[in-house]
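Colleague: quick one, fold the following:
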Amino acid sequence: MKKVTSLSALLISSALFMAACGNDGDNAGNDTVNNETTNNNLSGEVDNSEDGNAVEDVNENENANDPAAGEEGEAGDISNMQLGTGSTGGTYYPLGQEIATTINNNIENFDDFDLSAVSSGASVDNIVSIYQGEMDLGMTVHLPALDALTGDGDFEGVEINNFGFMGHIYPEVMQIVVPADSGFETVADLEGASIAIGPPGSGTQAAARLILEAYGLEEGDYEAFEEGFDDAQGRIQDGQLDASFGLLGLPAGGIEELAVSADVELLSLTDEGIAYVEENSGYAAFDIPGDSYDFMEEDVQAITAYAILVGSLDTIDEELGYEITKAMFENTGDIAHPQGEAITEEDALNGSDGLPMHPGAERYFEEAGILDE
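Modeller: The predicted structure is shown next:
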């Protein structure tokens, strides 16, 4: 049963970890992503930018769409299941389309099942939407998912636990893009610079601010633009932005696209910077291989988190959860998106520590020998 201490406290708007998922391409902080249901038979183009335009005031109505309050939400109809992804310019959206199509084409024992990938504000937004009964499945990052359970971080004062872990999708890596001729050598050099830090409430923004803080840069020491990488890339190319942070898949299509028309490079974090981030968050050190992009000449030090799939405990029972998990993990070859290669049984439990397992996913993982019974 979910426990919500006071949803009214969940003013997850510009503060709501909107980027919860790092989201490289989100619409500028002032833009809101329309919940646009896509045809899940379309395979998304690779444009790795996640976004999270946020959930502003998720609680005008504390009981709205709350199964616990006795009202039937929009989710739960197996012929109209909803998978929350991210902005149309991000990684979550096109990858989510392919995941939805793969599950639809391979699920067993549920003839009327149909899953649609829906654009959203990404990680935090998706967790909130599952709580409100507006979505059944959501792509998120394991860190905000942990915060949702404990009422910490951008979920301060609110505990949401009506979702369960259903599998690791891919690692999200913080990538800091600057013009090659900028003269910036470390994050510390960004003092006074104009920086795209990710949409309000996004994982990108939370991580970006933490990284900047690690180098002694507080709010006011730089000009912050609350937008995702897909919006920022054109402004970097035009010289209107000095840097852009993006918690993205690797390689990120948006960065590859930008590099075709502009000379760019990635800033590397220092050992001290990484140590600060690790001490103050759940992010871990990650080396971006020097062959990840054509413009790279050597490895770049960064941080990473896990993108995961979570499912509603209210609208997805054990049997359906089992079949959804099985359909995804046993048919990953149907997913053409580059990040789909990271959906493997070997890494299926990455990001699950501390999170409740969906009973259906747990049953599948035990049956497949991924999880000890």
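Colleague: once you drop chain neighbours, what's closest to residue 168?
Modeller: residue 350 (3.9 Å; Cβ to Cβ, 6 or more residues apart in numbering). C-beta coordinates here come from the backbone N, C-alpha and C atoms, glycine included.
Colleague: same thing with residue 120?
Modeller: Of all residues not flanking residue 120 in the chain, residue 84 sits nearest, at 4.5 Å (Cβ to Cβ, 6+ apart).
Colleague: same deal with residue 287?
Modeller: residue 299 (4.8 Å).
Colleague: below-threshold pLDDT in the stretch 201-350 of the chain: ranges please.
Modeller: Low-confidence segments of the stretch 201-350 of the chain (pLDDT under 70): 201.
Colleague: mind listing the strands for it?
Modeller: 223-225, 243-248, 264-266, 284-288, 300-312 (DSSP state E, counting those that start in this stretch).
Colleague: can I get the ones you listed in TSV including distance to residue 107?
Modeller: As requested, the strands of the stretch 201-350 of the chain are exported to TSV (distance: least, Cβ to Cβ, whole Å):
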stretch	distance to residue 107
strand 223-225	41
strand 243-248	29
strand 264-266	39
strand 284-288	33
strand 300-312	13
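Colleague: out of those, which one sits most buried?
Modeller: strand 243-248 (a mean of 32; mean count of other Cβ atoms under 10 Å).
Colleague: give me the helices and strands touching that one, please.
Modeller: strand 163-179, strand 194-196, helix 203-214, helix 229-237, helix 253-261 (3 or more Cβ pairs under 8 Å, 6 or more residues apart in numbering; DSSP states H and E).
Colleague: who touches the shortest one?
Modeller: What it means is strand 194-196. Strand 194-196 is contacted by residues 208, 212, 222-229, 231-232, 235-236, 240-245 when judged by Cβ atoms under 8 Å, 6 or more residues apart in numbering.
Colleague: and the lengthiest helix in the chain, how far out from the chain middle?
Modeller: Longest helix in the chain, counting residues (DSSP state H): helix 92-106. Taking Cα atoms, centre = their mean, to the nearest Å, the mean C-alpha location of helix 92-106 is offset from the chain mean by 16 Å.
Colleague: dump that helix to PDB, keeping only the CA atoms.
Modeller: C-alpha atoms of helix 92-106 as PDB (Å, rounded to 0.1, in the frame of the first residue of the first chain):
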ATOM      1  CA  TYR A  92      13.700   7.500 -22.900                       C
ATOM      2  CA  TYR A  93      11.100   8.400 -25.600                       C
ATOM      3  CA  PRO A  94      12.400   6.500 -28.600                       C
ATOM      4  CA  LEU A  95      13.700   3.600 -26.500                       C
ATOM      5  CA  GLY A  96      10.400   3.400 -24.700                       C
ATOM      6  CA  GLN A  97       8.600   3.200 -28.000                       C
ATOM      7  CA  GLU A  98      10.700   0.100 -28.900                       C
ATOM      8  CA  ILE A  99      10.300  -1.400 -25.500                       C
ATOM      9  CA  ALA A 100       6.500  -1.000 -25.800                       C
ATOM     10  CA  THR A 101       6.400  -2.500 -29.200                       C
ATOM     11  CA  THR A 102       8.600  -5.500 -28.100                       C
ATOM     12  CA  ILE A 103       6.400  -6.200 -25.200                       C
ATOM     13  CA  ASN A 104       3.200  -5.900 -27.300                       C
ATOM     14  CA  ASN A 105       4.500  -8.300 -29.900                       C
ATOM     15  CA  ASN A 106       5.700 -10.900 -27.500                       C
END
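Colleague: appreciated, that's everything.
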